[in-house]
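Enquirer: Next one to model:
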Amino acid sequence: MTTNWATNIEFHDSQTLHPRSIDELAGIVKSNKKVRVRGSGHCFNTIADSYETVVVLDQLQHENRIDHSTLTANIGAGLNYAQIAEFLQPQGFALHNLASLPHISLAGAISTGTHGSGIKNGALHTALKSITIMRPNGEVTTLTKDRHSEFEATVVGLGVTGIFLSSEVEIQPSFEIYQSVYGEMPHQHFQENLIEILSGAYSVSYFTTWSDLEIGDVWFKSKNPTPSEYFGVKERDVKAHPIFGEDPESTTEQFGVPGPWHLRLPHFRIDAKPSAGNELQSEFFVASENAPAAFAAIKKISPAFRHQLLVTEIRSIAADEHWLSPAYQRETIAFHCTWKNTQHSQDVPQYCRSGASDYGSVPHL
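Expert: This next block holds a predicted model:
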């Protein structure tokens, strides 16, 4: 990996190592003054870059296992969410939530507060019951949610407290999701009913380009069969892509066809190119009660940046207790922008230029 996922950042590692064992990783940590761990590189600034030693955990050996008595699974940090789903689903289990694309690593997603969507769904890190990390001296320790006061400070911490090795995550019986897309909901209608619209199913997102048409699409993911209309807007009869004009072949099944959780909660198929591929992303978070005002404020300034924008996704996150979580102690609405990755990054307004996406993996040390 010489660049990040978006190709806008070139990495400068002095060496990139792929340890296969805990002992090998401990040796690397002890023998190098500085070590950074990189996930799947789904970041959009220099946080994943280093001029020192970089470790990637994609080859770290770990025995993934399920404890049926506690409904938990012990998962290695180097796996991505597609691999985790492919481990759980055949055994009849599921996670409570997934991000919009399943290609990101467990360690990076957890460490950066990746959230997925759903007004009652906590971000991905809220499924953790314990986390095993390696300290800077090579020592391995496990922190448990109910026993260690530093747990909430460590899990979403960009890895500054140690290298994320594995985690014990809560699981549940596998479930099916029905997905439909409702097209061309007017801005005003969405703004006036924002929380109610985002609360209408297990996971709901609103996509808009802020064009003069003042419309957007509602992506609706439900545990029950989807209605033919939602808030007066009809279901699309042609498959949709979150980025208008992109080939929808890469998106998960729509039209209310039921399917297992891991093939519906993400917007993009496990075996396909996620999103537009060559893009930049940034995100802003507000308390849910402030979301209609935030929507109006962004709409007002949108003519200044929409020529550089691919799409904005608006979605919800349940409150949690993790210190650096975007939903710390508040129900939160996320405004996620996907930008064109061009030579003219100065065209992107400064207030939308920085930050790592909630989708993605950034280093956790």
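Enquirer: Flag every buried residue along whichever strand or helix holds residue 28.
Expert: Assigned by DSSP states H and E, residue 28 belongs to helix 22-31. Neighbour-count burial for helix 22-31 flags 22, 24-26, 28-29 (criterion: 16 or more other Cβ atoms under 10 Å). Heads up, the C-betas are built off the backbone N, CA and C, glycines and all.
Enquirer: Over to stretch 125-145?
Expert: 125-134, 138, 143, 145.
Enquirer: same thing with stretch 153-171?
Expert: Buried residues in stretch 153-171 (16+ other Cβ under 10 Å): 154-159, 161-169, 171.
Enquirer: returning to what we had before: mind giving me JSON lines with the buried residues of stretch 125-145 and columns for pLDDT?
Expert: Shown next, in JSON lines, are these (pLDDT from 0 to 100):
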{"residue": "125", "pLDDT": "95"}
{"residue": "126", "pLDDT": "96"}
{"residue": "127", "pLDDT": "95"}
{"residue": "128", "pLDDT": "96"}
{"residue": "129", "pLDDT": "96"}
{"residue": "130", "pLDDT": "96"}
{"residue": "131", "pLDDT": "95"}
{"residue": "132", "pLDDT": "96"}
{"residue": "133", "pLDDT": "95"}
{"residue": "134", "pLDDT": "95"}
{"residue": "138", "pLDDT": "92"}
{"residue": "143", "pLDDT": "95"}
{"residue": "145", "pLDDT": "93"}
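Enquirer: so where is the stretch 201-350 of the chain shaky, pLDDT-wise?
Expert: 273-277, 343-350 (pLDDT under 70).
Enquirer: Please enumerate the strands of it.
Expert: 203-208, 215-222, 229-230, 233-234, 259-260, 279-287, 309-317, 332-340 (DSSP state E, counting those that start in this stretch).
Enquirer: could these go into a markdown table alongside distance to residue 117 and mean neighbour count?
Expert: A markdown table is the format used below for those (distance: least, Cβ to Cβ, whole Å; neighbours: other Cβ atoms under 10 Å):
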| stretch | distance to residue 117 | mean neighbour count |
| --- | --- | --- |
| strand 203-208 | 4 | 24 |
| strand 215-222 | 8 | 23 |
| strand 229-230 | 15 | 16 |
| strand 233-234 | 18 | 17 |
| strand 259-260 | 17 | 14 |
| strand 279-287 | 12 | 20 |
| strand 309-317 | 4 | 24 |
| strand 332-340 | 8 | 22 |
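Enquirer: Could I get these in TSV, plus columns for distance to residue 250?
Expert: As requested, the strands of the stretch 201-350 of the chain are exported to TSV (distance: least, Cβ to Cβ, whole Å):
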stretch	distance to residue 250
strand 203-208	15
strand 215-222	14
strand 229-230	24
strand 233-234	24
strand 259-260	16
strand 279-287	13
strand 309-317	14
strand 332-340	14
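Enquirer: Would you mind saying which of those strands lies nearest residue 188?
Expert: Nearest to residue 188 among the strands of the stretch 201-350 of the chain is strand 215-222 (10.0 Å), distances taken as Cβ to Cβ.
Enquirer: Can you tell me what sits against the closest one?
Expert: Around strand 215-222, the neighbours that count as contacts under Cβ atoms under 8 Å, 6 or more residues apart in numbering are 117, 177-187, 190, 197, 200-209, 226, 230-231, 233, 236, 240, 242, 244, 264-265, 267.
Enquirer: Who are the contact partners of residue 137?
Expert: Residue 137 sits in contact with 29-30, where contact means Cβ under 8 Å, 6+ apart.
Enquirer: And the one 3 residues further on, by the same measure?
Expert: Going by Cβ under 8 Å, 6+ apart, residue 140 touches 22, 26, 132-134, 165.
Enquirer: And for residue 17?
Expert: Contacts for residue 17 (Cβ under 8 Å, 6+ apart) come out as 28, 53-56.
Enquirer: Identify those among those that sit within strands.
Expert: 53-56 (DSSP state E).
Enquirer: Among the strands of the stretch 201-350 of the chain, which comes closest to residue 45?
Expert: strand 279-287 (9.3 Å).
Enquirer: neighbouring strands for that closest one, and are they parallel or not?
Expert: strand 332-340 (antiparallel) (DSSP bridges).
Enquirer: now the strand it pairs with, how far from the centre of its chain.
Expert: The chain centre lies 11 Å from the centre of strand 332-340; the measure is Cα atoms, centre = their mean, to the nearest Å.
Enquirer: Please render the buried residues of stretch 125-145 as a markdown table that adds secondary structure and distance to residue 291 to the earlier fields.
Expert: Shown next, in a markdown table, are the buried residues of stretch 125-145 (DSSP: H, G, I helix; E, B strand; the rest coil; distance: Cβ to Cβ, whole Å):
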| residue | secondary structure | distance to residue 291 |
| --- | --- | --- |
| 125 | helix | 22 |
| 126 | helix | 20 |
| 127 | helix | 25 |
| 128 | strand | 27 |
| 129 | strand | 31 |
| 130 | strand | 33 |
| 131 | strand | 31 |
| 132 | strand | 36 |
| 133 | strand | 35 |
| 134 | strand | 39 |
| 138 | coil | 45 |
| 143 | strand | 33 |
| 145 | coil | 29 |
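Enquirer: what angle do the lengthiest strand in the chain and strand 215-222 make?
Expert: Within the chain, and with DSSP E defining each element, the longest strand by residue count is strand 176-186. Interaxial angle, strand 176-186 versus strand 215-222 (axes from the mean of the first three to the mean of the last three Cα atoms, to 10 degrees): 160 degrees.
Enquirer: Show the end-to-end separation of stretch 152-166, please.
Expert: Taking Cα to Cα, to the nearest Å as the measure, stretch 152-166 stretches 16 Å from start to finish.
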